[in-house]
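# Provided below are the primary sequence and the corresponding predicted coordinates.
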Amino acid sequence: MNARKLVMLALFTAVSLCLFVIEAQIPPLTPFPGIKTGLANIVTLFILYRKDARLKFSGMDVSAVVAARVLLSAFVTGGAFVLLFSFTGGMAAVAAMLLFRRIFKGGLIPVAGVAGAVTHNAGQLATAVFVYKSVSVLLYLPILVLGGIASGLFTGFTVKVVLNRLDKTKGG
């Protein structure tokens, strides 16, 4: 791995961690626990969909950024117990977004955001079933799917706007 790529991955990790910490300070937007905007996921989508021919990032690179952010966020917030939930949700989301990007070449970034957010929630619920040894937590799935759709659209459209602005800046 060259130095430029390593620096960029560290920068993406730092920005992602900052967005996570900012989001942790925002009061809940709904009365349902676990529904968040997914600000840190903006960075994940950005890495996946940026069009810089000089510096390509692999799925492993994206996974490393998410894993580092999850680990560092557990240290920052003191949430060691949620580390497992965040890690499985984050890795499931990355896998879904990578698959989505491979199947649907090009755009559809907001839909990829939805795929990632919903899969993140599903990964966390699967972990909860394993940890609590109860399938009753799956009753929360419809609420988390609706929250995932909303947050995925928000993060996806945000990344789409940012990438469009960057393209205009480079071209103009």
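Now that the structure is in, tell me what you want to look at.
# which SS class is the residue nearest the centre of the chain?
The centroid of the chain falls nearest to Asn41 when counting by Cα atoms, centre = their mean (2.9 Å). Three-state assignment for Asn41 (DSSP: H, G, I helix; E, B strand; the rest coil): helix.
# In this structure it contacts Val114, no?
No. In this structure Asn41 lies outside contact range of Val114 using Cβ atoms under 8 Å: 10.7 Å. From N, CA and C alone the C-beta is placed, and that goes for glycine too.
# thinking again about what came up before, show me the contacts for the residue nearest to the centre of the chain.
By Cβ atoms under 8 Å, 6 or more residues apart in numbering, the residues touching Asn41 are 93, 113, 116-117, 120, 151-152, 155.
# re earlier: who touches both of Asn41 and Val114?
Joint contacts of Asn41 and Val114 (Cβ under 8 Å, 6+ apart) are Gly152.
# Just the buried ones from the contacts of Asn41?
93, 113, 116-117, 120, 151-152, 155 (16 or more other Cβ atoms under 10 Å).
# Need the residues you listed in a markdown table (columns: pLDDT).
Below are these laid out as a markdown table (pLDDT from 0 to 100):
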| residue | pLDDT |
| --- | --- |
| Ala93 | 97 |
| Gly113 | 96 |
| Gly116 | 96 |
| Ala117 | 97 |
| His120 | 96 |
| Ser151 | 96 |
| Gly152 | 97 |
| Thr155 | 97 |
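# Tell me how far Val162 lies from Leu71.
Here Val162 is placed at a distance of 26 Å from Leu71 (Cβ to Cβ, to the nearest Å).
# and which of the buried ones among the contacts of Asn41 is nearest to Pro33?
Ser151 (14.0 Å; Cβ to Cβ).
# The closest one against Ile35, yeah?
Yes. Assessed by Cβ under 8 Å, Ser151 is found in contact with Ile35 at 7.4 Å.
# Quick check: Ala92 vs Pro28, distance?
23 Å.
# repeat for Ala68
Distance from Ala68 to Pro28, by Cβ to Cβ: 26 Å.
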